[in-house]
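*Asks:* take this sequence and fold it.
(chains A and B)
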Amino acid sequence: MSSTLTIQFPEDFDKRYGKYRTGLLGNDVTHSNEIQFSSQYNIGWSSKSFNFEDEKKRVKFIASADDHKLAKERWLNIKQILDAIYKVLSPLIANDTQEVSLNPNTLSLEQKAVFSSVLRDMLNAGDPDPVI
Amino acid sequence: MADLTPANKKKLCILEKLKEEWDLTPKGPVSERAGLASYRVRPGGETQISQPKFYSWMRECDVGDLYEFKNILAGFQEAGLISKFEIFNDYE
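*Replies:* Next up, the predicted model:
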């Protein structure tokens, strides 16, 4: 048997979240699970581009629960992949003397596509040259 | 970087998960299937999270068990961060 958690948020959750978070952290904003690189990240997804932030805005306006669930899970899965890739690559951004290796052959096709986009983004931004 | 107690680290971690949910939660009513030919309207600002997902939150946030997880949510409710929460069993 499985279970489901239902949560009702207040309308002004953002305000309450900010206040509570500041209470925990003070003005420290470094604790975040948000993706740190370009929030307008475009991912080549089949024949059309997937804009991370635009898609997030679209998801919350879906009025059918089933459609919303699918779109939300898709968005969260992509974020999970991007977070994982960022976690691997972030030491390169902070200190270019560090070396990180990742075997692309261990990635799924979708993860490879995202990984390639991340490398392109880093190269375009002038970040350290990744060696493949 | 602020030094957080282990308890506050867990709260912060779950809080960020809730923020992520909130950002993706429709603010207006959502129609939901309640049977073969019936629908119910889920109020805006309400989200449903499956067991595998909230268990993965617990693992990621180092929350030991469901009892501790519920206590964190109850604390959020008391602080006015969430209006209410409920964990109910799904019957086939």
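*Asks:* could you look up the SS state of whichever residue of chain B sits closest to chain A?
*Replies:* In chain B, the residue that lies nearest chain A is residue B:32 (3.6 Å; C-beta to the nearest C-beta). For the C-beta atoms, the positions are set from N, CA and C on the backbone; glycine is no exception. Three-state call for residue B:32 (DSSP: H, G, I helix; E, B strand; the rest coil): strand.
*Asks:* try residue B:4
*Replies:* coil.
*Asks:* so which residues of the chain form helices?
*Replies:* Looking at chain A here, since you left the chain open. In order along the chain, chain A carries the following helices (DSSP state H): A:13-25, A:52-59, A:65-94, A:109-124.
*Asks:* my bad, the chain I had in mind was chain B
*Replies:* B:6-24, B:51-60, B:66-78.
*Asks:* and the longest one, what's buried?
*Replies:* Of the residues in helix B:6-24, those with enough neighbours to count as buried (16 or more other C-beta atoms under 10 Å in any protein chain shown) are B:10-24.
*Asks:* same question, the second one
*Replies:* Along helix B:51-60, the positions that meet the burial threshold by neighbour count (16+ other C-beta under 10 Å) are B:51, B:53, B:54, B:55, B:57, B:58.
*Asks:* got it, and stretch B:70-86?
*Replies:* B:72, B:73, B:76, B:81, B:82, B:85.
*Asks:* distance to residue A:57 and pLDDT added to those, as a markdown table?
*Replies:* As requested, the buried residues of stretch B:70-86 are exported to a markdown table (distance: C-beta to C-beta, whole Å; pLDDT from 0 to 100):
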| residue | distance to residue A:57 | pLDDT |
| --- | --- | --- |
| B:72 | 29 | 97 |
| B:73 | 27 | 97 |
| B:76 | 25 | 96 |
| B:81 | 23 | 95 |
| B:82 | 22 | 96 |
| B:85 | 25 | 96 |
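*Asks:* what does chain A put close to chain B?
*Replies:* A:1-11, A:13-14, A:16-17, A:20-21, A:24-26, A:28, A:30-33, A:56, A:59-66, A:68, A:72, A:75-76, A:79 (C-beta under 8 Å from any C-beta of the partner chain).
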